[in-house]
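Colleague: Here is a sequence with its predicted model. Questions after.
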Amino acid sequence: MTIVNQTAQDGQRTALVVGATGIAGSALVESLSAAGWSVLALSRRPGANRDGVRWLSADLTSTESVAAVLASERPTHVFFTAWSRQDSEEKNIAVNAGMLRSLLAALRGKPVAHVALMTGLKHYLGPFEAYAAGDMPDTPFHEEEPRLPVRNFYYAQEDELFAAAAEQGFTWSVHRAHTVIGHAVGNAMNMGLTLAAQATLCRETGEPFVFPGSETQWNGLTDMTDAGLLAEHMLWASTTPGAANEAFNIVNGDVFRWRWMWPKLAAHFGVEWEGYDQAPRPLEEAMEGREDQWRELAMQHGLAEQRLDRMASWWHTDGDLGRNIEVVADMGKSRAAGFTGYRRTFDAFISLFERYRADQLIP
């Protein structure tokens, strides 16, 4: 606690953002630098130059690489948002828990006051290979629900965090987000950019904007997380004593049905739309072989990214929209602790699409 009080008194806070070019990491770098923090942005490749931000490059899967790059750094607050997709949950556990373990080991003896870890609602739903397959808590999901009796890399990461906090003396927070949308290119899970790419391709070819998911998702309630709100939440928890050593859900605060949202997104892009019709129509199938089409479109409009695989994560959007269960998270714990942040999801989508246009990612 001495470290926390000292950093609060002298105002000398240095944030280490891990996974700084991802959806959540990018939003954190923006929020922290705008708030006047000194930011160390750690990623495999550096991002855009920004005042108050210094980029660090490391391979998070290499203990030696992480230790070397952090040897002379002294962060006071750590925000861990990185992950590496593997082809089995056992490999997910080994790689992703290993990345966090290596990072925390490299921070021993440094003035770290707080570590914030981003996870997600697979905490309640189960990992990809056992997704929504067994008994799950009822919706809306609450943070006090016990862990599912399955192996899950989120649980493994939490255990690494708890053990390091007990040994090294920092406080922690865990942030369970749901379908994060934000401004990042080349991300493995970005529904916002994926839907923007789908709608753009549909408009260019005159095809309808087809909802790819299940009847349950079309008709049921759901929620989402704006990356900017997630950044606010992580910053709040890392600097609020009453939020220390707690896990929190973080969603926008509204709920909607895709049968309401989908026509509105289609109208924004000026395309016709089709809703659920008898069976899911996955994007991985519908958008297969569109790489040349996107490349030509990008060249015609002078877009910044000509690779479709860096724009769209079809598999992830199919997974989210193809679920046969309702997924909604409760925000009561955060509200009771004093967090009042909110986003209207439709507005979050539209402002994101406008930013993509401004950055010449879509025409």
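Modeller: Nice, I can see it.
Colleague: after the least confident helix or strand in the chain by mean pLDDT, next one along is what?
Modeller: Ranking every helix and strand in the chain by mean pLDDT, DSSP states H and E puts helix 2-10 at the bottom, with a mean of 39. Sequence-wise, the next helix or strand downstream of helix 2-10 (DSSP states H and E) is strand 14-18.
Colleague: same for that following strand, what does it pack against?
Modeller: Secondary-structure packing of strand 14-18 (3 or more CB pairs under 8 Å, 6 or more residues apart in numbering; DSSP states H and E): helix 23-34, strand 38-43, strand 77-80. All C-beta spots, glycine's among them, are computed from the backbone N, C-alpha and C.
Colleague: can you rerun that using 10 Å?
Modeller: Counting contacts by 3 or more CB pairs under 10 Å, 6 or more residues apart in numbering; DSSP states H and E, strand 14-18 packs against helix 23-34, strand 38-43, strand 53-57, strand 77-80, helix 98-106, strand 114-120, helix 227-239.
Colleague: Please work out which of those is packed deepest.
Modeller: strand 77-80 (a mean of 28; mean count of other CB atoms under 10 Å).
Colleague: Would you mark the buried spots in the next helix-or-strand element following that one?
Modeller: Downstream of strand 77-80, the next assigned helix or strand under DSSP H and E is helix 89-92. Residues of helix 89-92 classed as buried: 89, 92 (neighbour count, 16 or more other CB atoms under 10 Å).
Colleague: contact partners of helix 89-92?
Modeller: When contacts are defined by CB atoms under 10 Å, 6 or more residues apart in numbering, helix 89-92 is touched by residues 83-86, 122, 126-130, 150-154, 156-157.
Colleague: Just the residues you listed: which are in helices?
Modeller: 122, 153-154, 156-157 (DSSP state H).
Colleague: what's the neighbour count on Pro241?
Modeller: Pro241: 11 surrounding residues under other CB atoms under 10 Å.
Colleague: Am I right that it is in contact with Thr171?
Modeller: Yes. Counting by CB atoms under 10 Å, Pro241 touches Thr171, with 8.3 Å between them.
Colleague: mind listing the helices for the stretch 251-363 of the chain?
Modeller: 258-269, 283-286, 291-301, 308-311, 314-321, 332-337, 345-358 (DSSP state H, counting those that start in this stretch).
Colleague: re the thing from before, and the ones in helices among the contacts of helix 89-92, which of them are buried?
Modeller: Neighbour-count burial (16+ other CB under 10 Å) applied to the ones in helices among the contacts of helix 89-92 gives 122, 153-154, 156-157.
Colleague: which one among the residues you listed gets closest to Pro282?
Modeller: Lys122 (19.7 Å; CB to CB).
Colleague: Distance of that closest one relative to Arg323?
Modeller: 11 Å (CB to CB, to the nearest Å).
Colleague: how close does Glu291 sit to Leu308?
Modeller: For Glu291, the distance to Leu308 equals 5 Å [CB to CB].
Colleague: now Glu160
Modeller: Distance from Glu160 to Leu308, by CB to CB: 35 Å.
Colleague: Quick one: distance of stretch 208-217 to the chain centre.
Modeller: The chain centroid and the centroid of stretch 208-217 are separated by 22 Å under CA atoms, centre = their mean, to the nearest Å.
Colleague: For that stretch, measure first residue to last.
Modeller: Stretch 208-217 has an end-to-end distance of 19 Å (CA to CA, to the nearest Å).
Colleague: What residues sit buried inside it?
Modeller: Residues of stretch 208-217 classed as buried: 209-214, 216-217 (neighbour count, 16+ other CB under 10 Å).
Colleague: Of those, which belong to helices?
Modeller: Of the buried residues of stretch 208-217, the ones assigned to helices by DSSP H are 216-217.
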